[in-house]
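Student: take this sequence and fold it.
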Amino acid sequence: MDATTDKDLLVQEQIYNALCYLGESEPEEILNSCDEYLRQHDKLAYPHRVIILKAMETVVKNNIALLDKSTAKEVIRDWQQAASNVLVAVGQRFINKVMEEVLTKFQPGILPHYFVLQTFANLSVSNGE
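Tutor: Numbering: from 1, shown residues only. Okay, here's the model as predicted:
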């Protein structure tokens, strides 16, 4: 997974494809490995973090019926937290665009998802002066 930091887009795409391919035969193993890698590399640049998150999303979508319920719940929570963190980091430079995007998740009469609210809170903290 360290190769996700390669500047060559072709290499990044190959890493994504490899993770997805391996995820077809061992989805829980790949999801747990990606989760562990992201936890150990919390300073990983966000474009590279996104590659791993997208691979995790693809593995979950393609194998949701095969995943153990507890694994799926844990992975989804971790994935949502990581995605929220990415939005907060991007929001430190492009706050208006991120806010615009997150606001689309608010629907009249529907309680917003926990991570939407958490993202708003963390955006305010990281951009407070």
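
Student: which strands and helices sit next to the worst-scoring helix or strand of the chain on mean pLDDT?
Tutor: For the chain, using mean pLDDT, DSSP states H and E, the weakest element among its helices and strands is helix 69-91, scoring a mean of 79. Packing partners of helix 69-91 (3 or more C-beta pairs under 8 Å, 6 or more residues apart in numbering; DSSP states H and E): helix 27-40, helix 46-63, helix 95-103, helix 114-127. C-beta coordinates here come from the backbone N, C-alpha and C atoms, glycine included.

Student: out of those helices, which comes closest to Leu9?
Tutor: helix 46-63 (10.1 Å; C-beta to C-beta).

Student: how far does that closest one sit from the chain's center?
Tutor: 7 Å (C-alpha atoms, centre = their mean, to the nearest Å).

Student: report all helices and strands that it contacts.
Tutor: Packing partners of helix 46-63 (3+ C-beta pairs under 8 Å, 6+ apart): helix 9-25, helix 27-40, helix 69-91.

Student: in that helix, which residues are buried?
Tutor: His48, Arg49, Val50, Ile51, Ile52, Leu53, Ala55, Met56, Thr58, Val59, Val60, Asn63 (16 or more other C-beta atoms under 10 Å).
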